[in-house]
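Trainee: with the input below, show me the fold.
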Amino acid sequence: MVVPIAFVAGIILSLIFGSMFVFVKPKQMTIHDKVISVPCRGRRYSTSDEMKYILYGVGNKFSVYDQQLLDYIRSHISQPLMTRPRNLAKQKSDRSQYGQSKLVDRLLSGRRNGFFIECGAYNGEDISNSLFFELKRSWTGLLIEADPNYHRTLLDKNRRAYVINACLSTEKRPATVHLRQEKGLSNIINETLNSRAKGVAVNCFPLNAITAALGISHVDYFSLDVEGPELEILRTVDWTRLRIDVITVEYRIHYGLRPSQPIDKQATLKKLNGLRKLLRDTGLYREVGVLPNVAHAKSLDVVFSHV
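Mentor: Next up, the predicted model:
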């Protein structure tokens, strides 16, 4: 009987290399009377305590640099698809509302290849303070938008920047809040989910946690426009772990928190002075001015530059 050469070769190879392959039986976990097969993928799941901290800031044994928190944040950050062009509605590069991009560009002497963070990114194009730097100065950065209605739009724009659907926390821990959705003017209704306020639930993370998840410790320009808690957000920043060269912060307050209503001049000036004191007390920043260049009680943004 003639034995095929291929058959003999197969037997020999199986004898030589067979011991190299080991079948690993899936790990089994029993819940009541059910047996669930859990695939071994080299990455563990968060515990219930860790998830309570990641989403709701509950617990004191974790920090904003906890690895499980950073992994969770990183898993919710998208990066642009470089094989697809940007999908911008207009070709105008400077879309900032009151010349924020031009002033920041001048303060940074036309710096190229920088990194921005724009919190309150809206749709990534209209009244964007960061788009100019991406198109004209070859920057990249991070676009943060809390309103989920605009998250899909940001992804469709495919800007050359990271994108996350979240808000910045007003505490040095994560939180979940209610967001009132309004075109370009969405704002936080309440600080936690324990009230009966209506709105969409949004995860909030400390700025330091988000930058740590990205491996970023230096930001060239930070634009902060979140319709309310800007001062509280900046109070959470650990300036020893994050350097920001230029910051523009919206501080104007309207009655009823609606731009269609008159400006609350007293509240506006109180917030402006609070921002001035906070940044001055760091010993790191000087005030450059306000935009537009009108009476401080009527202006919109205040600009700070690292000394």
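Trainee: neighbours of T282, just the number please.
Mentor: T282 has 13 neighbours, counted by other C-beta atoms under 10 Å. From N, CA and C alone the C-beta is placed, and that goes for glycine too.
Trainee: again, but for E227
Mentor: A count of nearby residues for E227, using other C-beta under 10 Å, gives 22.
Trainee: surely T236 meets K172?
Mentor: Yes: T236 is in contact with K172 according to C-beta atoms under 8 Å; the separation is 4.9 Å.
Trainee: hey, what's in contact with both of these two?
Mentor: Both T236 and K172 are contacted by P206, under the criterion C-beta atoms under 8 Å, 6 or more residues apart in numbering.
Trainee: helices of the protein, residue ranges please.
Mentor: 5-17, 48-56, 67-75, 100-107, 131-136, 148-157, 207-214, 230-235, 265-281 (DSSP state H).
Trainee: quick one, what contacts D245?
Mentor: Contacts of D245 (C-beta under 8 Å, 6+ apart): 107-108, 218-221, 305-306.
Trainee: now swap in V307 and tell me
Mentor: Each residue near V307 by C-beta under 8 Å, 6+ apart is listed here: 284-286.
Trainee: picking up where we left off before, buried subset of the contacts of D245?
Mentor: 107-108, 219-221, 305-306 (16 or more other C-beta atoms under 10 Å).
Trainee: adding pLDDT and distance to K157, write the residues you listed out as CSV.
Mentor: Output for those, formatted as CSV (pLDDT from 0 to 100; distance: C-beta to C-beta, whole Å):
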residue, pLDDT, distance to K157
L107, 98, 26
L108, 98, 24
V219, 98, 21
D220, 98, 21
Y221, 98, 19
S305, 98, 29
H306, 98, 29
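Trainee: return the closest of those residues with respect to E250.
Mentor: Checking those against E250 by C-beta to C-beta gives Y221 as the nearest, at 14.6 Å.
Trainee: in the sheet, who's paired with that closest one?
Mentor: Note on Y221: beta-bridge partners by DSSP bridges are F116, V246.
Trainee: do you know how far it is from L155?
Mentor: Per C-beta to C-beta, to the nearest Å, Y221 is found 22 Å from L155.
Trainee: check R112 too.
Mentor: Going from R112 to L155 by C-beta to C-beta gives 26 Å.
Trainee: so between these two, which is more surrounded?
Mentor: Set side by side, R112 and L155 show more neighbours around L155, with 17 against 10, by other C-beta under 10 Å.
Trainee: so who does the more buried one touch?
Mentor: For L155, the contact set (C-beta under 8 Å, 6+ apart) comprises 78, 163.
Trainee: and it, what pLDDT?
Mentor: pLDDT recorded at L155 is 94.
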